[in-house]
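**Q** generate a structure from the sequence data that follows.
(one chain, ligands or ions: 1)
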Amino acid sequence: MALVEINNVYFSYNGDTVLEDINLDVRQGDFIAMIGPNGGGKTTLLKIMLGLLKPNSGTIRVNGDSAHKASSCIGYVPQDVHINSRFPITALDVVLMGKLDRNKRWARKTAANRREALDALEQLDMDIHAEKKIGELSGGQRQRVFIARALVTRPKLLLLDEPTASIDTRGQADFFKLLEKLNREITIVVVSHDLLVISRYIKSVACVNRRLHYHDQAEITGDMLETMYPCTVEETCPVELIAHGHLPHRVLRHHEDDR
Ligand SMILES: Nc1ncnc2c1ncn2[C@@H]1O[C@H](COP(=O)(O)OP(=O)(O)OP(=O)(O)O)[C@@H](O)[C@H]1O
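**A** The predicted model follows:
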């Protein structure tokens with residue numbers, strides 16, 4: 001059984017169809033990059049997986065249950081996490097906010113909960129900043145704190161919506177290496193526009209542009225990307241071919257082989 005099973009899902013906002021005939025199995029242990037043009041429906045698809053949006057038709061099962069019931073087995077870091085940087089709250093407090101008690105209220109700051117929050121920060125190499133105010137951290141560090149907050153509930157699946165938007169290219173590589181390490185224990189789906197940076201860390205690619213094309217341990221060709229993006233590959237995407245999974249990872253820039 002796949003961790004997430006999406007079958008023939010259609011979704012529209014106020015009658016405007018955004019997703020059409022989506023089929024996707026997210027298998028345990030996968031590390032999927034979800035790519036696609038702006039407005040292609042990536043965030044909408046994540047929200048469907050989280051049970052926040054209900055498809056017009058089709059089915060979605062998460063961990064063998066309805067998406068709504070299974071939401072506690074998913075850790076989610078949205079695109080824009082709004083937190084007032086002047087709010088005098090520490091990184092550790094932010095992570096503790098992810099921990100809920102049985103009644104889904106914020107868990108108390110017990111020694112055990114504190115330990116779990118520190119463990120989550122440690123997984124992101126952020127335990128040394130635990131007592132720092134959230135406003136004193138860089139954008140990239142803050143992003144790691146938000147991921148620690150998503151991890152503190154020990155989810156089976158981590159959904160990250162454009163987590164590297166505020167991180168420079170070098171920082172992005174470090175960040176994806178960290179995700180690669182987390183992926184030894186947790187299944188990850190990450191929305192990204194940086195296919196070049198991410199391609200060496202991921203196991204599969206899902207291209208979402210109203211419809212979905214999923215590539216697992218297969219080559220992604222320029223032709224495939226061309227069908228997903230509205231403009232030609234030459235104009236928009238420097239990636240011509242990527243090998244995934246057990247194959248050696250390879251990113252070929254256009255015309256690199258002509259030289
Ligand atoms: N709450 C909403 N109400 C109405 N339309 C919406 C809503 N949210 C998104 N849309 C529309 O649905 C389409 C898909 O949006 P979505 O945010 O899922 O795309 P995306 O692939 O995540 O885009 P981006 O890469 O720009 O973040 C867009 O045309 C968007 O304008």
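**Q** list the buried residues in stretch 168-177.
**A** Buried residues in stretch 168-177, counted by 16 or more other Cβ atoms under 10 Å: 171-173, 175-176. The C-beta positions use only the backbone N, C-alpha and C, and glycine is treated the same way.
**Q** for the stretch 51-200 of the chain, which segments count as strands?
**A** Here the stretch 51-200 of the chain has its strands, by DSSP state E, counting those that start in this stretch, at 57-62, 65-66, 74-77, 157-161, 187-191.
**Q** which residues sit in contact with the closest residue to Val95 other than its chain neighbours?
**A** Taking Cβ to Cβ, 6 or more residues apart in numbering, and ignoring the residues beside it in sequence, Val95 has Ala117 as its nearest neighbour in space, at 4.1 Å. Ala117 is in contact with 92, 95-96, 98-99, 130, 148, 152, counting by Cβ atoms under 8 Å, 6 or more residues apart in numbering.
**Q** re earlier: name the nearest of the buried residues of stretch 168-177 relative to the ligand.
**A** Taking Cβ to the nearest ligand atom as the measure, the ligand lies nearest Gln172 of those, at 16.5 Å.
**Q** isn't the closest one right up against His193?
**A** No: contact criterion Cβ atoms under 8 Å: Gln172 and His193 do not qualify, at 10.9 Å.
**Q** what's the distance between Pro78 and Ala173?
**A** For Pro78, the distance to Ala173 (Cβ to Cβ, to the nearest Å) stands at 23 Å.
**Q** you'd agree Leu46 is in a helix?
**A** Yes: residue state for Leu46 (DSSP: H, G, I helix; E, B strand; the rest coil) corresponds to a helix.
**Q** could you find the closest non-adjacent residue to it?
**A** Per Cβ to Cβ, 6+ apart, closest to Leu46 is Leu159, 5.1 Å.
**Q** so what's that neighbour up against?
**A** Counted by Cβ under 8 Å, 6+ apart, Leu159 has contacts 46, 49-50, 74-77, 189-190.
**Q** just those residues now: which is nearest the ligand?
**A** Leu46 (7.9 Å).
**Q** what number of residues lie near the closest one?
**A** When neighbours are defined as other Cβ atoms under 10 Å, Leu46 has 22 of them.
**Q** again with Leu52
**A** Residues near Leu52, counting by other Cβ under 10 Å: 13.
**Q** cool, the one 3 residues further on as well?
**A** Neighbours of Pro55 under the rule other Cβ under 10 Å: 20.
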